[in-house]
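Participant: how would this look folded up:
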Amino acid sequence: MLRLPGLLILTAALWPTAPALAQPDIARATERCEQEVAETVRRMRGSAAKEVHFLASRRVLTPQADDETAIRGEGRYRSAGGATVGFTYGCAYRAADDSTSGVVFRETGGQRAAAEKPFDPDLTNVSPQACESAAAAALKKLHPRVGRINFGSDSRRVQPGENGRIALIGAGSVERAPGMNLIPFSYRCEVDPRNGRVVNVSTKE
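Facilitator: Residues are numbered from 1 along each chain as shown. Model prediction:
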């Protein structure tokens, strides 16, 4: 510290410094990503998927823009018949809100992949609008003072559901109450393709 007449000068070491960028929690990023991948495997393969495991030695984490971490790796699950099915996976983890996105998995077993029929659902009776209406109703139950609810039509995806049903997946934003900021959310509907009835719906903010 230097003293001059009528003036006090602090050394630079005493000035507050800008906070360092937060480092990603590798263990948490891995846990959240592999948890979502395991749920995706079980959802798409149903009772055929048993004991989902991930190979730590094949896992790769890569920092991305916007504080996201890309994770890819390999795993395996035991089929209902006892055979081991290998797969590769990938997802993105965002530490700011502890969320994952872009979850994908691809089976690497040649025999299983060759024998598996492509997913080609009958969408004659399936209405995305009915699914979005059900998702909006679910959000209104959570937030009775809800303002706007927006759905992104470009985010819609179709996946195999359970027991022959069709799963509609998408994303949007919700204003929990008038004047609040819009919050992103995702939704998932299970639809009976025979009559288009929405069997169940879930949302995640």
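Participant: in the chain, which spans are helices?
Facilitator: 26-45, 110-115, 128-142 (DSSP state H).
Participant: now tell me what touches the last one from outside.
Facilitator: Spelled out, it's helix 128-142. Applying C-beta atoms under 8 Å, 6 or more residues apart in numbering, the contact partners of helix 128-142 are 146, 149, 151, 153, 156, 168, 170, 172, 174, 185, 187, 189, 191, 196, 198, 201-203. C-betas here are computed from N, CA, C, even on glycine.
Participant: would you map out the domains in the protein?
Facilitator: 26-115, 128-204 (automatic domain parsing).
Participant: lowest-confidence stretch among those?
Facilitator: Ranked by mean pLDDT, the domains of the chain bottom out at domain 26-115, which scores a mean of 83.
Participant: okay, buried residues for stretch 78-98 please.
Facilitator: 79, 85, 87, 89-95 (16 or more other C-beta atoms under 10 Å).
Participant: show me how far that stretch is from its chain's centre.
Facilitator: Its chain's C-alpha centre and that of stretch 78-98 lie 12 Å apart, by C-alpha atoms, centre = their mean, to the nearest Å.
Participant: next, format the buried residues of stretch 78-98 as JSON lines and append distance to residue 121.
Facilitator: Listed next are the buried residues of stretch 78-98 as JSON lines, based on distance: C-beta to C-beta, whole Å:
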{"residue": "79", "distance to residue 121": "23"}
{"residue": "85", "distance to residue 121": "22"}
{"residue": "87", "distance to residue 121": "22"}
{"residue": "89", "distance to residue 121": "23"}
{"residue": "90", "distance to residue 121": "24"}
{"residue": "91", "distance to residue 121": "24"}
{"residue": "92", "distance to residue 121": "27"}
{"residue": "93", "distance to residue 121": "30"}
{"residue": "94", "distance to residue 121": "31"}
{"residue": "95", "distance to residue 121": "36"}
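Participant: for the residues you listed, work out which two are farthest apart.
Facilitator: Maximum pairwise distance among the buried residues of stretch 78-98 (C-beta to C-beta): 34.5 Å, between 79 and 95.
Participant: tell me who's in contact with residue 167.
Facilitator: 43, 158-161, 188-191.
Participant: what ranges does this structure have for its strands?
Facilitator: All strands of the chain, identified by DSSP state E, fall at 2-4, 7-9, 49-54, 60-63, 68-79, 84-94, 99-107, 149-160, 166-175, 182-191, 198-204.
Participant: now, of the contacts of residue 167, which are buried?
Facilitator: 158, 161, 188-191.
Participant: now the spatially closest residue to residue 202 that is not a sequence neighbour: how far from residue 201?
Facilitator: Nearest in space to residue 202, with sequence neighbours left out and distances taken as C-beta to C-beta, 6 or more residues apart in numbering, is residue 188 at 5.2 Å. According to C-beta to C-beta, to the nearest Å, residue 188 stands 7 Å off from residue 201.
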